[in-house]
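Q: build me a model from this:
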Amino acid sequence: MIDASTRLVVLLGYPVHHSYSPAMQNAAFRAAGLNLVYLAAPVPPERLAPAVAAVAALDMPGANVTVPHKERVPAFLDEVAPEARLLGAVNTIVHRNGRLVGHNTDGTGFLRALREAGYDPRGEAVVVLGAGGAARAVAVTLALEGAKEIVVFNRTLDRAHQLAALVRERGCGGAAALGWEALEGQTPEARAAFVRAGLVVQTTSLGMSPRLEDGPPVPPEWMSANHLAYDLVYNPSDTAFLRMARKAGARTAGGAGMLLHQGAAAFELWTGRDAPLAAMKQALEACLA
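A: Residues are numbered from 1 along each chain as shown. Sure, this is the predicted structure:
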């Protein structure tokens, strides 16, 4: 029940009407018995600075940050945690005693979801489809966890090269970049990357509602029972890419797991408590139903 002691946590993004985080975090606050409420706040880019300042001014425990603000918001914070500096983006703000500290829980969320799916990336070869902000979090996290090879495919080859270079800096000497045309042309180099890989991660928005039949141009015959196919898209929970991979014999996992665990990691940063995962998962599944 909201009363005069209720404290506010917000999601800063633009737009935010599609977000499932309010349902998931409010379920967590209720389950934990915390007098907190979570709201989504649409913040256009020109109002980001005063919106961030309000987190401290209104004595909020913190905030989440989503597109398009993740890479700009560090300029308005007092400190950025090491994992967020590595990824070059902040998705969680923690407020303590007037100071705002930026964190990034995307990598933690992906890694927890990956382990829940029964996959350990240490010493493994991986294919990453896409080179945007989500791909950056995934690829850097995999490099830090000891993946021996990460091949990045992207429509814009320059961005793939930039991400591969960053991954090499983070300790994965086997990072390489190929363009989308290597998939469409079915080049031997591209096929060999899939043969070596145990994990294929789809990080683009292809297949996201309402464009349900879109997917990356991966030849179906390149997928097999040797792969775990992971799609960061969570709406719908079963994408065209996952259906294709499953038909080829691969194990599959959708993006709801990463969404759940990055939210749980943010809850833990704000409250210092273990996240009530069961309540959060139930709320998320209700949104996805």
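
Q: use CA for all of it now, contacts and neighbours both
A: Will do.

Q: what comes up buried for the lengthiest helix in the chain?
A: Counting residues, the longest helix found in the chain (DSSP state H) is helix 256-271. Neighbour-count burial for helix 256-271 flags 256-267, 269-270 (criterion: 16 or more other Cα atoms under 10 Å).

Q: out of these, which is nearest to Val138?
A: Nearest to Val138 out of the buried residues of helix 256-271 is Met258 (Cα to Cα; 10.4 Å).

Q: state the pLDDT value of that closest one.
A: If you check Met258, the pLDDT there is 95.

Q: what's the spacing between it and Gly133?
A: As defined by Cα to Cα, to the nearest Å, Met258 lies at a distance of 14 Å from Gly133.

Q: sorry, back to before: packing partners of the longest helix of the chain?
A: Contacts defined by 3 or more Cα pairs under 8 Å, 6 or more residues apart in numbering; DSSP states H and E place helix 256-271 against helix 21-32, strand 92-96, helix 106-116, helix 277-288.

Q: what does the third one contact?
A: This means helix 106-116. Helix 106-116 has contacts (Cα atoms under 8 Å, 6 or more residues apart in numbering) with 91, 120, 134, 137-138, 140-141, 257-265.

Q: partners of the helix or strand following it, with directions?
A: Once helix 106-116 ends, the next helix or strand along the chain (criterion: DSSP states H and E) is strand 125-129. With DSSP bridges as the test, strand 125-129 is paired with strand 149-154 (parallel), strand 199-202 (parallel).

Q: helices or strands up against whichever helix or strand comes after the first one?
A: By that I understand strand 149-154. Sequence-wise, the next helix or strand downstream of strand 149-154 (DSSP H and E) is helix 157-169. Judged by 3+ Cα pairs under 8 Å, 6+ apart, helix 157-169 is in contact with helix 133-144, strand 149-154, strand 174-179.

Q: by how many degrees do the second one and strand 174-179 diverge?
A: To tie it back to what came earlier, the one meant is strand 149-154. Here strand 149-154 points in a direction 20 degrees away from that of strand 174-179 (axes from the mean of the first three to the mean of the last three Cα atoms, to 10 degrees).

Q: what mean pLDDT would you report for strand 149-154?
A: Mean per-residue pLDDT for strand 149-154: 98.

Q: and if you look at the longest one?
A: Along helix 133-144, the predicted confidence averages to a pLDDT of 91.
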